[in-house]
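# Just need the structure, nothing else, for what follows:
(2 chains)
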Amino acid sequence: MGDLVRIDGARGEGGGQILRTALALSAITGRPLELENIRAKRAKPGLMRQHLTALRAAAEISGAEVSGARIGATSIGFRPGPVRAGDYHFAVGTAGSATLVAQTVLPALLGATAPSRLVLEGGTHNPASPPFEFLARAFLPLLRRMGAEVDARLVHRGFYPAGGGRFELDVRPPARLAPLRLLDRGAPAAHEAEAVIAHLPDGIAARELEVVAERLGWPEARRTVVRDTTTPGPGNVLLLTLAFEAVSDVVTGFGMKGIGAESLASKAATQAERYLASPAAVGVHLADQLLLPMALGGAGAFTTLRPSRHTRTNIEVIQRFLEIPIRLEEVGRDLWQIEIGG
Amino acid sequence: MEPKTLPSSRPNVVIGLLGTALDSGLGAERWERWRPSVALAQHEDLLIDRFELLAGDSHETLARQVAGDVARVSPETEVRLRRLDVADPWDFEEVFAALLDFADGAAFDPEAEDYLVHITTGTHVAQICLFLLTEARYFPARLLQTAPPRRRRGAGPGRYSIIDLDLSKYDAIAARFGTERAADTSFLKSGIETRNAAFNRLIDDIEKVAIRTRAPVLLSGPTGAGKSRLARRIYELKRRREQVTGPFVEINCATLRGDGAMSALFGHRRGAFTGAVEDRGGLLRAADGGMLFLDEIGELGTDEQAMILRAVEEKRFLPVGADLEVESDFQLIAGSNRDLRVEVARGRFREDLLARLALWTFRLPGLAERREDIAPNLDYELAAHAAATGRRVTFTAEARSAYLRFATAPEATWRANFRDLAASLTRMATFADDGRIRREDVEAEIDRLRAAWRNETEDPDRDILDDVLGAAAAAALDLFERMQLAPVLRVCRASASLSAAGRTLFAASRARKARPNDADRLRKYLLRFGLDWQAVRDEGAPPPA
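Residues are numbered from 1 along each chain as shown, chains lettered A, B, ... in the order given. You can find the predicted model right below:
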């Protein structure tokens, strides 16, 4: 067991990402974690239910002793044992993001010596967290290139507020994650727009796709309305998959009560335009997710857009656990290169 | 209201009724509406470990739907459907009984679990019953109140608040209750900031009893201790609380004598006796729906006592000369300066009536027993004097301390208690030049009080007045009346007949009259005090030889 790592949750971005990254790293490295001032900068500080779920999930896969795990707690202790491969089932309340829980436990299970199977239930398409398609189309293909075979199956979508989503991950860990250099995204492939609509008028999806056509000029064959009748509650999400030879990214617009279809589609289009306009290989959200596996692999590099506070906070937390240099360099207009290790 | 985070790590158990209207909806669009029972399970900062969802048999489909939805949005929550069958959810008795049954059978373990009673669903009747049962600790729980999102089109689970009826946090509410109660006790004390602990405790008790019971109340204590004033304040308090609708009727029983007593109390029918020229309702009838204060109840004859007892117990009585009983529902407050137990032993007071009065007996201490209250009462009397006369009078600091020094010393006997104090103040206020009571005014008053208290003990009139009228009635006389009545009574006792006494007493005017009516004049004079020749002659000691 390594030295205790004490982290001030009020630093940097000050939200739940610190908790998730720190839990993953603690489980992977075996170093006990003491986290203080959890979510200090949020309106309701301390652990919320989705954080408790992530905490319990991390504890389950690593046999950790946890102290202070309760709603509203602003400090916790986490003392992990060795990560155990196995079949796991995690259900997230409040239609909270099951993908965030997946991101907490997946890196650790990649370090286990045997395959694992994960069943995750709750929200799969939630505001403020990456949708399932981001995992399946953007993140997991890159992990695969690093040697980790992770297959993802969406069984049901789960929208806020009804939830009821479910997806499964089959995790076959590599002996060691391989370094990955992702400086150039390559030539564009077939971009795709999907407007998913559940228990709501189809017109909403059609209007969203019209905005996509207008703003991004994608042909009709690349614009699809997906009707979901199996998810329990109403929901709407616009998924823009930006496909390139070397990498794909997924940009999302979430339909929410009180937000117009045109407005959310227009915002998603703006995000897509920013990525498309830049030569960066990796978008902002994908950059966040890549840091940890690359650091675990001991080396890696990618070009990206201007790093967010999220990204910088992530780097700080990673460097508390792993002695690895991570350099950020501005190499062009809204173009940065992040170099890990080496 | 706060608190948003639950300090305890014990499992949270929510007990709530299925909202047959608010929680309704079976289609997918139900998720677009705010449903309190489901929304409760959607709060990121509220983890419900178990949800006891109470629903009637007829709503089973909805209950299962809601239970399923709760489980979906909150996999951490175990939902238990509980049957609560109520035929009429607007029927207080039925709803209360059903919830009480549930509480009785619930085997709560407040040491191990934190209970939250959700009061947003269900009829208003159910909400009130849940509140009452929680307040009475049948549910050892805190109240959980939920509300939809603020914006009409807003998403999200809305808001919730947890209300601990036990918590000091709600002291503000408790303090308001306290203030109202304090206002009530202060009201009973006429706003006088009394300092005597025993007296204040007594008033607290009286306040509770006054508000909570209609049973008879006995106020004992010496003359002038404030029984009459307190009785009136109790009445005013009950009227403010809308507990009485009828009037306050007050009578000093010492002024009721002979046949007139029955008639005054119980009324009479026309022609019931000589002089009964028309119907008379009587005091008991007048007090219907209100309060009857019988001061010096020990002065009542035993026949009247028996009728009073019946009137209190049966709320009905027979007026003099009537064939039919009349009804009157009043609260009786009795006052006495005598120890009624002694009177019972002497056979002068009915034991059964005392037993009836004795349930709530309060003894008002005399002023000499609560000297620390003289100062606040002095201020009260000053204010009362100013209100009555429109002339504000104040003490100089020196005068006030001199007066209080005397007033609180053992030398001051305050024989007539507050009556003495009020009279003393009235005298000083009247003598005070330009509204200031000075040292010399106080010294003069102290001399007067000393003389009065000394004289009273040596008062030559006192024996005969007390003897004929009784001590209480005698004490109620003005000096003006005492000065006249005492010599009249002495003449009567020294005379062989009413006529003889009349001749002596009216000797001067008799000489000027063609048809003297001395005996009649004397009889009418005595009647004013409830006396007749027999009473004057028979009472007490035999006439001097």
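# in the stretch 251-400 of chain B, what residue is nearest chain A?
Of all residues in the stretch 251-400 of chain B, the one sitting closest to chain A is B:P376 (50.7 Å; C-beta to the nearest C-beta). Every residue, glycine included, has its C-beta placed from N, CA and C.
# residues near that residue, how many?
Residue neighbour count, defined by other C-beta atoms under 10 Å in any protein chain shown, stands at 16 for B:P376.
# With B:R512 instead?
For B:R512, using other C-beta under 10 Å, the count is 7.
# What of B:S401?
B:S401 has 14 nearby residues by other C-beta under 10 Å.
# Regarding it, what is its secondary structure?
helix (DSSP: H, G, I helix; E, B strand; the rest coil).
# circling back to that earlier point, going by neighbour count, list what's buried in whatever helix or strand the residue of the stretch 251-400 of chain B closest to chain A lives in.
Per DSSP states H and E, B:P376 falls inside helix B:374-389. The neighbour-count check on helix B:374-389 (16 or more other C-beta atoms under 10 Å in any protein chain shown) flags B:374-378, B:380-382, B:385 as buried.
# Find the nearest non-adjacent residue to A:A213, please.
A:R223 (6.4 Å; C-beta to C-beta, 6 or more residues apart in numbering or on different chains).
# OK, contacts around that neighbour?
Contacts for A:R223 were tallied using C-beta atoms under 8 Å, 6 or more residues apart in numbering or on different chains; they are A:193, A:195, A:209, A:212-213.
# Quick one: these as CSV, columns for neighbour count too.
Below are the contacts of A:R223 laid out as CSV (neighbours: other C-beta atoms under 10 Å in any protein chain shown):
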residue, neighbour count
A:A193, 24
A:A195, 28
A:L209, 22
A:V212, 25
A:A213, 17
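# Out of those residues, which is nearest to B:L283?
A:A195 (88.6 Å; C-beta to C-beta).
# Contacts only, for the closest residue to B:H118 other than its chain neighbours.
Nearest residue to B:H118 in three dimensions, chain neighbours excluded: B:G16, at 3.2 Å (C-beta to C-beta, 6+ apart). By C-beta under 8 Å, 6+ apart, B:G16 lies in contact with B:36-37, B:40, B:51-54, B:117-118, B:120-121, B:144.
# so which strand or helix has B:G16?
Using DSSP H and E, B:G16 falls in strand B:12-17.
# ok, then the element right after that strand?
helix B:36-39.
# Kindly provide the whole-number mean pLDDT of that next one.
The average of the pLDDT scores along helix B:36-39 is 95.
# Now do the helix or strand that that helix is followed by: distance to the chain's middle.
Next helix or strand after helix B:36-39 toward the C-terminus (DSSP H and E): strand B:50-55. Distance of strand B:50-55 from its chain centroid, counting by C-alpha atoms, centre = their mean, to the nearest Å, is 45 Å.
# The residue nearest to B:I206 when sequence neighbours are not counted: what's it in contact with?
Nearest residue to B:I206, sequence neighbours excluded (C-beta to C-beta, 6+ apart): B:F362, at 5.6 Å. Residues in contact with B:F362 (C-beta under 8 Å, 6+ apart) are B:202, B:205-206, B:217-220.
# hang on, B:F362 in a helix?
No: using three-state DSSP, the assignment for B:F362 is strand, not a helix.
# What does the pLDDT read for it?
91.
# Over to whichever residue of chain A sits closest to chain B. Which of the three states is it?
Minimum separation of chain A from chain B (C-beta to the nearest C-beta) falls at A:G72, amounting to 3.0 Å. Following three-state DSSP, the label given to A:G72 is coil.
# so it sits right up against A:R49, yeah?
No: in this structure A:G72 lies outside contact range of A:R49 using C-beta atoms under 8 Å: 10.6 Å.
# Not counting residues beside it along the chain, what's closest to A:E65?
Per C-beta to C-beta, 6+ apart, closest to A:E65 is A:R79, 4.4 Å.
# Quick check on that neighbour: phi, psi?
phi -120, psi 90 (degrees, to the nearest 10).
# Show me the helices in the stretch 151-300 of chain B, by range?
Assigned by DSSP state H, counting those that start in this stretch, the helices in the stretch 151-300 of chain B fall at B:171-188, B:197-212, B:227-240, B:259-266, B:283-286.
# before we move on, the earlier item: what's the helix holding B:P376 in contact with?
In contact with helix B:374-389 (C-beta under 8 Å, 6+ apart) are residues B:190-195, B:367, B:391-395, B:400, B:403-404, B:407-408, B:418, B:421-422, B:425-426, B:429.
# who touches residue 207 in this structure?
Using chain A here. A:261-262, A:265.
# switch to chain B, that's the one I care about
B:181, B:184-185, B:188, B:237.
# could you redo the last one with a cut-off of 6 Å?
Counting by C-beta atoms under 6 Å, 6 or more residues apart in numbering or on different chains, B:E207 makes contact with B:184-185, B:188.
# Pull out the buried residues from the strand or helix carrying B:K524.
B:K524 is located in helix B:518-527, with elements delineated by DSSP H and E. Using 16+ other C-beta under 10 Å as the test for burial, helix B:518-527 gives B:518-519, B:522-523, B:526.
# which of those lies closest to B:T504?
Nearest to B:T504, judged by C-beta to C-beta, of those is B:D518 at 8.6 Å.
# residues contacting the closest one?
B:502-503, B:506, B:510.
# what do you get if the cut-off is 7 Å, keeping everything else the same?
B:499, B:502-503, B:505-506, B:510 (C-beta atoms under 7 Å, 6 or more residues apart in numbering or on different chains).
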